[in-house]
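Student: Quick one: sequence and predicted model below, then my questions.
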Amino acid sequence: MIAVITANFPTKSGKPELDLRIAKGIEIMSRLQKNRHDIFGRPGAFDGKKNLFSFTKYSFPTLQEVVSLDDQATGNRRQKMVTVTISYVNEVDVDRLNQVIQAGKARISDLGAQGVYSISLNMLNLFVQSQPKQSHLFKGKSFFIDRNRAHQSDRGLSPLKLLDGLFQSVRPAMDRIVLNVDVTVGAVLPDWSLEDICTAFLRLRDSAALHRLEAASQELRKLNQFLKGTKIVIRTPGGGRQRERVIKEIVADVGKKKFDKNGQQITVYEHFLRTYNLQMRSPSLGVRVGNHELFPVHRDICQVINQVYKGRLQPDQIREVLGFVPRNPQDRLQKIQAGWSAMGHQTSEFLLAAGITISNQPIRVTGRLLDSPQIVYGPRAPSNRPTCDVVQPRYRGVWDVMNKRLKTPAQVRGMLIVNFVETNPSHIMHRFVTDLIEVMRERGMKVPSEGTRISDIETLNGQNPDIEDKLKELGARHHSPSLILAILPQNALDLYNAIKRFGDVTVGVATQCVRWTEKIYRGYNAGKCNQYHNNLILKINGKLGGINHIPASKIVKSLSEREGKKGTFMIIGADVSHPGPGSKQPSIASVVGSYDEHGSCYVPVMHVQPSRMEVIENISAMLAKLLSFFYVEIKNPPPRRIVIFRDGVSEGEFETVRQYELGRIKETLERMYQKINQPMPLVTYIIVGKRHHYRFFPEDPTRPNQADPKSGNCHSGFVVDRDIVHPVYRDFYLLSQAGLKGTSIPSHYTILEDENFGGDANKLQELTYALCHSYQRATRTVKIPAPVYYADLVCRRAKFHFDSAEVVYSDNMQHFKQANPAALKGMYFL
């Protein structure tokens, strides 16, 4: 059924149909169903926007009912009323869903976002989630429980507060429907005055300094980033109107702002004095809601609504969140089971009305452990006949680089060391740089003496607006070095961005930034900093075109063979990243392609496309660039096998991506290979999923064959390809990351095309696991294959390629600059 909610009062837009928050829509529908129990009987599940589902067929084809907008009138305001119009549209054929899960049979049209299969799942999800949404804050498929208890993270996150949450999602599996339940964390804005929220966010002692903020200040910019889109209640003085609005902008010295009132220009200060007899402080911070309405950030006027924070958390805030989550898998499982009553499955009027029952027992799944590949480094000492150093990881998924030479050490052809921290480099900074260069040489890198002496450290003022010109000048003085080592203060994001843009885009030189923190210089000694030096070197060597290590994988080696002949292969990682909520910035698509025999060296291609576009719009041209680099620049024979790992695609988009991207990939390959008179390469195309909330808990965490004794997680290399897999798509779950703390996250792999492995899932799983060992920045396995990680890193670096941080998508994209070709000599994005 379709439900339309219209206003029985004048609206600002002039249109009767209301665009309500999902929570408000659910509240109104719940009120209607309770008021007219005689009509509805068993309640239906409403999505808060348009769709109302019921397992009972109601007696009416169309219904119109008047109901109050709010639960009760507030202030001196009269109760506002709305009309809810419900119209019967269609029946959902749940039998089609049964056919999918029992026989794995589905038409492609069923599987799309608007297909019967997808609609059935959405309907079941609504029935499962409807009960907790009646009384809890929620976001998407998660709801959050306020237990009214203080947590140490509250102080570090203030004004945000962390709440325990539960995620639940109905999923199809072979021969059954399963409910995926997981714990989550919600960052919530409390119902404080807007003034208190702003004061707490900026860590101010009192509100006086808040109201003195200037329009061009960093603090005001941060406030706007933090609060834009936040819901507040405006209470006009004297107990008048109370309205729920959304913050568009925080404004400095709002009292001086003018607007038109009855044909005359009047300041906000004068308006509040004349209309409400309120004398605003001067200056006074203000808030803009709607297009033109301005209000002072006054304790009695602007009140924040208790709501889930939808913005992006900063790295220091994320650390606080990580301290809030369960410490190990057993804690996580106990927390899920403890939250069972809050989900209300046994008492939900929606589930009871639908006749849906849910077992509270976890599903027992059977998996297996993949063999861990050995890790190959360079020979221990230079010789005429060097042999590689092959090491077995100390634990599954964990090894180290100590006392080893890199597989292919890079040569540093000149090095520019720039100090942005101190007026004159201290002896500690001298020692830090000397020790770093010494460890670089121990790892096998060739570092010249010239330009790397302590006396060669240059000093620049990070506040200088001409950083690029100064770096060019220093670069010329140091004979165009291949590496810039920049030592930065702790909080120097703008400076960091400028250096990365200079290296990636302007001149194409590798850059490595070091944050000069107290952790480094307080009580400095080489031994304490050795691990940090090695971590820096893993990045530096890759940026300069070297290879740190490779997994000794038979499956990677076998990709070079096809029909008994030796050939080449390419592994591709692809991703699309989207801007934050409310932003009009473009989306960024990136693909990276391997060009060496180990699948360890990658070249990136980046493309800007319309905001929130899911498919890679320009995949044809991007693939053509990768292939051209592979067999024109590097002069490899054209790849005979291509394996593509595509990140960031939801299940509802699988078929769209298959038809659009895979179709264009095949067309591009056919066109290019015909031109060079070569047979078409075999293509495998895999979707990589990370946000699925599936977690695996060892049945007996005390048994070494089941769990890592340190973290209590399932071992790295644990793979599941039965019990919970999709009934139609070929897929598997692989837990590749060796957990440090918390619960390790398996990745979900869905195979949309496979011409390389003949349906042999074991080979594809082995390849995927091997690639999780080849991430050049780490000495442990990562949770997704290295090329997918690299594509994500390239997307993140897009901000360095724009002339302005505020650019929006346009066809000519004159503000976007591709990476300098010189940067492509190494993996500059590491």
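Tutor: Received, thanks. Everything numeric in this text was worked out from a predicted model, so none of it was measured. Residues are numbered from 1 along each chain as shown.
Student: contacts and neighbour counts: CA atoms only from here.
Tutor: OK.
Student: Which positions within stretch 95-103 qualify as buried?
Tutor: Within stretch 95-103, the residues that qualify as buried by neighbour count (16 or more other CA atoms under 10 Å) are 96-98, 100-102.
Student: And stretch 551-562, by the same measure?
Tutor: Within stretch 551-562, the residues that count as buried by 16+ other CA under 10 Å are 551-553, 556, 559-560, 562.
Student: Tabulate those residues (JSON lines), appending secondary structure, pLDDT and distance to R368.
Tutor: Shown next, in JSON lines, are those (DSSP: H, G, I helix; E, B strand; the rest coil; pLDDT from 0 to 100; distance: CA to CA, whole Å):
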{"residue": "P551", "secondary structure": "strand", "pLDDT": "96", "distance to R368": "20"}
{"residue": "A552", "secondary structure": "strand", "pLDDT": "94", "distance to R368": "20"}
{"residue": "S553", "secondary structure": "coil", "pLDDT": "92", "distance to R368": "18"}
{"residue": "V556", "secondary structure": "helix", "pLDDT": "92", "distance to R368": "21"}
{"residue": "L559", "secondary structure": "coil", "pLDDT": "91", "distance to R368": "24"}
{"residue": "S560", "secondary structure": "coil", "pLDDT": "84", "distance to R368": "27"}
{"residue": "R562", "secondary structure": "strand", "pLDDT": "73", "distance to R368": "29"}
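Student: Specify which member of those residues is nearest to R332.
Tutor: In terms of CA to CA, no member of the buried residues of stretch 551-562 lies closer to R332 than P551, at 32.4 Å.
Student: For the chain, name the helix or strand with the lowest mean pLDDT.
Tutor: helix 108-111 (a mean of 64; mean pLDDT, DSSP states H and E).
Student: Next SSE downstream of that helix?
Tutor: Heading C-terminal from helix 108-111, the first helix or strand you meet, by DSSP states H and E, is helix 116-133.
Student: Contacts made by that next one with the rest, please.
Tutor: Here helix 116-133 makes contact (CA atoms under 8 Å, 6 or more residues apart in numbering) with 23, 44-47, 53, 92-94, 96-97, 100, 110-113, 141, 143, 168-171, 342-345, 348-351, 354, 652.
Student: avg pLDDT for that helix?
Tutor: The average of the pLDDT scores along helix 116-133 is 92.
Student: Output that helix as CSV, restricted to C-alpha atoms.
Tutor: Only the C-alpha atoms of helix 116-133 are listed here, as CSV (Å, rounded to 0.1, in the frame of the first residue of the first chain):
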residue,chain,number,x,y,z
VAL,A,116,10.0,-9.0,-6.2
TYR,A,117,12.8,-10.6,-4.3
SER,A,118,14.2,-7.3,-3.0
ILE,A,119,10.8,-5.9,-2.2
SER,A,120,10.0,-9.1,-0.2
LEU,A,121,13.2,-8.7,1.8
ASN,A,122,12.5,-5.0,2.4
MET,A,123,9.1,-5.9,3.7
LEU,A,124,10.4,-8.5,6.1
ASN,A,125,13.1,-6.1,7.4
LEU,A,126,10.4,-3.5,8.1
PHE,A,127,8.4,-6.0,10.2
VAL,A,128,11.5,-7.0,12.2
GLN,A,129,12.6,-3.4,12.8
SER,A,130,9.3,-1.7,13.4
GLN,A,131,8.9,-2.5,17.1
PRO,A,132,12.2,-1.0,18.4
LYS,A,133,11.7,2.0,16.1
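Student: got a list of what the residue positioned nearest the centre of the chain touches?
Tutor: The C-alpha lying nearest the average C-alpha coordinate of the chain belongs to S577 (CA atoms, centre = their mean; 7.9 Å). Neighbouring residues of S577 by CA under 8 Å, 6+ apart: 587-589, 648, 792, 795-796.
Student: One more: Q765?
Tutor: By CA under 8 Å, 6+ apart, Q765 lies in contact with 719, 734.
Student: what's the spacing between it and V719?
Tutor: 8 Å (CA to CA, to the nearest Å).
Student: Overlap of the contact sets of those two?
Tutor: Residues touching both Q765 and V719 (CA under 8 Å, 6+ apart): L734.
Student: so what's the residue nearest to the centre of the chain bridging to?
Tutor: For S577, the beta-bridge partners under DSSP bridges are I588.
Student: Could you do L485 as well?
Tutor: Counting by DSSP bridges, L485 is bridged to I417, Q512.
Student: That one and V412 touch, don't they?
Tutor: No: between L485 and V412 there is no contact under CA atoms under 8 Å: 11.6 Å.
Student: Nearest to N360, out of the contacts of S577: which one, please.
Tutor: For the contacts of S577, the nearest to N360 is G648 (30.6 Å; CA to CA).
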